Every structure is written in C-alpha cells, then in structure tokens.
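Colleague: build the 3D model from these lines:
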Amino acid sequence: MKEGLELAKEGKNELALQTLQQATEADSANAAAYTALGMVALQSQRFDLAQPALERAIAIDPKSQTALYSLGMLYEKLKRYPEARYAWQRFLNLSPSADLADLARRHLERLP
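Modeller: Numbers count the residues shown, from 1 in each chain. You can find the predicted model right below:
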C-alpha cells in the first residue's frame, strides 16, 4: 500500500492504481488499502474505481473519516447529491478536526 501511495505522489497514478488494487486483492479486509485506492482513483477521475473502493472501505470501517470525506467528494462530482449529503453528515457525526468539519459544512451548504 505504501508503494502505491508513493507512486501517486510521484504522479504515476496508473501504476499507483494497479499497485493499490493488488493490495486490496491481497487483503480484502484492509480498509486503509481500499481508502487509498479510492482516493487515488478519485484524484485520477477514475470514478468507476473510486466508488466501489470507498464504499468497501466504509463497509469494513464505518468510522473511516478519510473514506467518508472522499466519498462525499466523489458523490458531489457525480452529482449524486442525496448520497453526498449522507456521506458529509456521517463524516460530521464522527467529530473530525475543526478544519475538516468546517470544510464538510461548507460542502453541505453548497449542495442543491
């Protein structure tokens, strides 16, 4: 998983996605690996990969703030506003840091 994140930092997103997919296949109960895959896929605008990865991460770890935050962003990009609202609300219910909570509230306020 670390290798995949390093590759993403270097801008090698396709290779990072492949590496992170292998990490999730090696350990299908690793919420952090699914979260990392979802985040890199989201940054790469590979929404087809991001959504199932982030949803799987939350299924494994329902309190994953990073996965919920990323899922809220993804749903907004897909214009799936009810799902985005739900993800942002769940994120806020976990009492994240003040800065992230403010960002999440702003996202909620902007949703149609």
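Colleague: quick one, what contacts the closest residue to Asn13 other than its chain neighbours?
Modeller: Closest residue in space to Asn13, ignoring its immediate chain neighbours: Ser44 at 4.4 Å, by Cβ to Cβ, 6 or more residues apart in numbering. C-beta here means a position set from N, CA and C on the backbone, and glycine is covered the same way. Contacts for Ser44 (Cβ atoms under 8 Å, 6 or more residues apart in numbering) come out as 13-14, 17.
Colleague: low pLDDT regions in this structure?
Modeller: Within the chain, no stretch falls below the threshold (pLDDT under 70).
Colleague: can you pull out the strands in it?
Modeller: Counting by DSSP state E, the chain has no strands to list.
Colleague: check contacts around the residue nearest to the spatial centre of it.
Modeller: Central residue of the chain (Cα atoms, centre = their mean): Ser70, 3.3 Å from the mean position. Residues near Ser70 by Cβ under 8 Å, 6+ apart: 35, 38-39, 42, 50, 54.
Colleague: change it to 6 Å
Modeller: 38-39, 42, 54 (Cβ atoms under 6 Å, 6 or more residues apart in numbering).
Colleague: of the residues you listed, grab the buried ones for ChimeraX.
Modeller: Those of the contacts of Ser70 that count as buried under 16 or more other Cβ atoms under 10 Å are selected in ChimeraX with:
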select :38,39,42,54
